[in-house]
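**Student:** give me a 3D structure for the following:
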Amino acid sequence: MSRFHGSLASVLRSPDQLREAYESLPPHPRHEAQLDDVTIATASLYPKLCRYVDCFPQDSHLLPPPDGHNFLNASRVRLPDGGRFIAAAGPMAPEWYGPDTRPCFW
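**Tutor:** Purely as a prediction, here's the structure:
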């Protein structure tokens, strides 16, 4: 079993613990407030490369873009048990929406 699947399995075995952890999180600032305090400044420079116009990744969690690209909408995620993975909305293609971002992922 991969490390990700092991981490996911441990979270799914204890839904109460997951709910408690979620409920203990502080309220998240609205998108506009994050733009004002520059916590999502990088993504705001590349809005057409973000799948959603009101859901940008935090600068502190962004992955460095691949060579030849300016921005990759993907974030590092760390699980409570130490597991780590990358979360992304997925690449876009012109026939679906926006510019073709598939080369950034592969």
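**Student:** just give me the neighbour total for residue 76.
**Tutor:** 14 (other CB atoms under 10 Å). (Glycine included, C-beta is placed from N, CA and C.)
**Student:** check which helix or strand it maps to.
**Tutor:** Element membership for residue 76, per DSSP states H and E: strand 74-78.
**Student:** roughly how far is the helix or strand following that strand from the heart of the chain?
**Tutor:** Helices and strands here follow DSSP H and E; after strand 74-78, the next one along the chain is strand 84-88. Here strand 84-88 is found 7 Å from its chain centre; the criterion is CA atoms, centre = their mean, to the nearest Å.
**Student:** dump strand 84-88 to PDB, keeping only the CA atoms.
**Tutor:** Taking C-alpha atoms only, strand 84-88 is exported to PDB below (Å, rounded to 0.1, in the frame of the first residue of the first chain):
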ATOM      1  CA  ARG A  84       2.200  14.000   2.400                       C
ATOM      2  CA  PHE A  85       0.700  14.500  -1.100                       C
ATOM      3  CA  ILE A  86      -0.100  17.100  -3.800                       C
ATOM      4  CA  ALA A  87      -3.600  18.500  -4.300                       C
ATOM      5  CA  ALA A  88      -4.600  20.100  -7.500                       C
END
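**Student:** would you mark the buried spots in the very next helix or strand once past that strand?
**Tutor:** Per DSSP H and E, the first helix or strand lying C-terminal to strand 84-88 is helix 102-105. Going by neighbour count (16 or more other CB atoms under 10 Å), the buried part of helix 102-105 is residue 104.
**Student:** check what contacts helix 102-105 and list those residues.
**Tutor:** With contact meaning CB atoms under 8 Å, 6 or more residues apart in numbering, helix 102-105 is reached by 65-66, 69, 72, 74, 88, 90-93.
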